[in-house]
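[1] Task: produce atomic coordinates for the following.
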Amino acid sequence: MRISIYSITHLLICLVVTCTALSSCDKALVFEENQQIKDYKWNYDDAKTFVAEIKDTTQHYNIYVSVRHSFQFEWRNTWVKITTTFPDGKSFEKRVNLVLSEPDGHWNGDCLGDNCDIQIPIQQNAVFPQPGKYSFKIAQDMRVNPLAAIKSVGVRIEKNVK
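    Residues are numbered from 1 along each chain as shown. The predicted model follows:
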């Protein structure tokens, strides 16, 4: 069987288009980081800190907390404390309820194998008033310690593009 130059060129173009489509970046994404929870047991003293640099103070943003947990997580939700520190050093703390499942037990988010991944919006259409580095510290705030079956937690900030 003989392969023509046309066939090879066509194959290369298809390959480039496919690779470009698969690797295209999320243009709305500003910051995303996830941190593992040691032994899948989240202790009160194991707060996770994320530092995002925000340059555009005119843009509106959506802020999410990402959670990866196993099917063995025994609660429908988890409470967290989120401390946001501004570039000027001022900070505020907010207690947030992260709902992980429906009342019927169906997990929210994307589940595959023993992992469920969910991004929960904690603030939509947010404005960062100062350019610079913002710190987000997330600590578990449930009545049980450690909180078992939480595998990782993270923060995602994206531009609010309407």
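
[2] Quick one, grab the pLDDT at residue 18.
    Each residue has a pLDDT score; the one for residue 18 is 43.

[3] can you pull out the strands in the chain?
    Secondary structure of the chain by DSSP state E: the strands cover 29-36, 41-42, 48-54, 61-70, 77-85, 91-99, 110-112, 115-126, 132-140, 147-148, 150-159.

[4] Redo these as CSV? Include mean pLDDT and mean neighbour count.
    Using the backbone N, CA and C atoms, a C-beta is placed for each residue, glycine as well. Listed next are these as CSV, based on pLDDT from 0 to 100; neighbours: other CB atoms under 10 Å:
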stretch, mean pLDDT, mean neighbour count
strand 29-36, 97, 16
strand 41-42, 98, 20
strand 48-54, 98, 17
strand 61-70, 97, 21
strand 77-85, 98, 18
strand 91-99, 96, 12
strand 110-112, 94, 11
strand 115-126, 96, 16
strand 132-140, 98, 19
strand 147-148, 97, 20
strand 150-159, 98, 21
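
[5] Residue 114 contacts residue 71, correct?
    Yes - here residue 114 reaches residue 71: they are 5.5 Å apart, a contact under CB atoms under 8 Å.

[6] residues touching residue 117, list them.
    Taking CB atoms under 8 Å, 6 or more residues apart in numbering as the contact definition, residue 117 lies against 66-68, 109-111.

[7] with those residues in mind, which one is nearest to residue 152?
    Residue 152 has its nearest neighbour among the contacts of residue 117 in residue 68, at 4.4 Å by CB to CB.

[8] I'd assumed residue 149 was in contact with the closest one.
    No - in this structure, residue 68 sits apart from residue 149 without contact. The criterion is CB under 8 Å, and the distance is 10.0 Å.

[9] returning to that earlier point: which of the contacts of residue 117 lies closest to residue 79?
    The closest of the contacts of residue 117, once distances to residue 79 are taken by CB to CB, is residue 67, at 12.0 Å.

[10] give me the beta-bridge partners of that closest one?
    According to DSSP bridges, the residues that bridge with residue 67 are residue 118, residue 153.

[11] Report the separation between it and residue 57.
    Noted for residue 67: a distance of 29 Å to residue 57, by CB to CB, to the nearest Å.

[12] dump the residue contacts of the residue nearest in space to the middle of the chain.
    For the chain, the residue sitting closest to the mean C-alpha position, by CA atoms, centre = their mean, is residue 66 at 3.5 Å. When contacts are counted by CB under 8 Å, 6+ apart, residue 66 is found next to 32, 34, 117-120, 152-156.

[13] go again using 10 Å as the cut-off
    Contacts for residue 66 were tallied using CB atoms under 10 Å, 6 or more residues apart in numbering; they are 32-35, 98, 109, 117-120, 138, 152-156.
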